[in-house]
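Asks: using only what follows, build the 3D model:
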Amino acid sequence: MPFKTILAVLGGDDMSKHMQRALELALEIDAHLSVVALQVAMAPTLSDYPVDTDWLDHRRAHHETFKAAAEAEKDRCAASGASFDFSTFYDEPLFLTEELSDVPSTPTWLFWEAGRERTRI
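Replies: Have a look, this model is predicted:
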């Protein structure tokens, strides 16, 4: 039996808007929604070396903001009744490459198949 899956790679300031669009599409076409919420950790600038507690506090706040936003989007998926899975990644660029090596490579655009035609949303 064929099934449809939407892979949504989300992050940044527009995460909520893009999540809403992906969720609406998944519900519309009765597809499973697979979400990867991704945020690259803030790196210190040259002026931050040696790394001080102000930078560490700023980075911790950045991480907590991302976690709260990702958790809110996960809760939105759960409340919608859609079939979904949700993963979050927050790390240094080097380590994200390793963590994401098992996740299929895909553009951040959402695609769905309508017969043979691919539609970019």
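Asks: contacts, neighbours, all on C-alpha from now
Replies: Noted.
Asks: which other helices and strands does the helix or strand in which A22 is found contact?
Replies: Assessed by DSSP states H and E, A22 sits inside helix 15-29. Other helices and strands packing on helix 15-29, by 3 or more CA pairs under 8 Å, 6 or more residues apart in numbering; DSSP states H and E, are strand 5-10, strand 32-40, helix 53-80.
Asks: make JSON lines from these and add distance to D91, mean neighbour count and mean pLDDT to it.
Replies: Converted to JSON lines, the helices and strands packed on helix 15-29 look like this (distance: least, CA to CA, whole Å; neighbours: other CA atoms under 10 Å; pLDDT from 0 to 100):
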{"stretch": "strand 5-10", "distance to D91": "15", "mean neighbour count": "21", "mean pLDDT": "90"}
{"stretch": "strand 32-40", "distance to D91": "6", "mean neighbour count": "20", "mean pLDDT": "91"}
{"stretch": "helix 53-80", "distance to D91": "9", "mean neighbour count": "15", "mean pLDDT": "90"}
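Asks: can you list the ones you listed in JSON lines and add distance to E92?
Replies: Shown next, in JSON lines, are these (distance: least, CA to CA, whole Å):
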{"stretch": "strand 5-10", "distance to E92": "17"}
{"stretch": "strand 32-40", "distance to E92": "6"}
{"stretch": "helix 53-80", "distance to E92": "11"}
